[in-house]
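Chemist: give me the fold of what follows.
(chains A, B and C)
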Amino acid sequence: MAGKAKRKTSASASPSSSVPSRELVFSIKTSKGMKRSLRQTNSRKRPKAKQKIDAKKPKKPPTAFFYFLEDFRKEFQEQNPDVKSMRDIGKACGEKWKTMTYEEKVQYYDVATQKRAEFDMAMAEYNKKMENGEFEETDEESDFDE
DNA sequence: GAGATGATTGTTACT
DNA sequence: AGTAACAATCATCTC
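Modeler: Model (predicted):
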């Protein structure tokens, strides 16, 4: 296990240090709600929630919020067995998420950041294969000989 | 009965 | 630079 921290991205968590003050450059600004607003304005177009089975393209890793959801959901169900759907939980989770402090959220951000690193590598490999022509994802000219 | 949806925020890719 | 779409999950809804 020698330091495998090969991330050169801005994240560079550098957890090896005691990290008294995790200098994470997360852009947690108050300018949130904007994106959602746009989506809502345009109406979230969701043709199908069914995820496609694109084994070639690396799926997007769950965000910090989702990790928090996973943990929060368990506790939430215990405290609120009446609540069932994830929708209700999501609302409660989102509300609490906003109340959470940076330090509390940073835990999940850190996990998400690592996942992002893997995703980045997976994407790099995916792109690399693409160059090799392993996959013909691009529907430029599917008619090869037909 | 089986498929689709809705709700939450965050991240990513594309234009 | 900004927007559109998708990531997990499951009760509920629709046909």
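
Chemist: ok, the longest helix anywhere in chain A near DNA strand C or not?
Modeler: Secondary structure of chain A read by DSSP state H shows that its longest helix is helix A:102-132. No. Counting by Cβ under 7 Å from any atom of the strand, DNA strand C is not contacted by helix A:102-132; separation bottoms out at 9.9 Å. All C-beta atoms are positioned from the backbone trio N, CA, C, and that covers glycine.

Chemist: buried residues in that helix, which are they?
Modeler: A:105-106, A:108-113, A:115-117, A:119, A:126 (16 or more other Cβ atoms under 10 Å).

Chemist: quick check: chain neighbours aside, which residue is closest to A:Phe72?
Modeler: Leaving aside its sequence neighbours, A:Phe72 sits nearest to A:Cys93 (Cβ to Cβ, 6 or more residues apart in numbering; 4.9 Å).

Chemist: the one you found and DNA strand C, how far apart?
Modeler: From A:Cys93 across to DNA strand C, the span is 9 Å (Cβ to the nearest atom of the strand, to the nearest Å).
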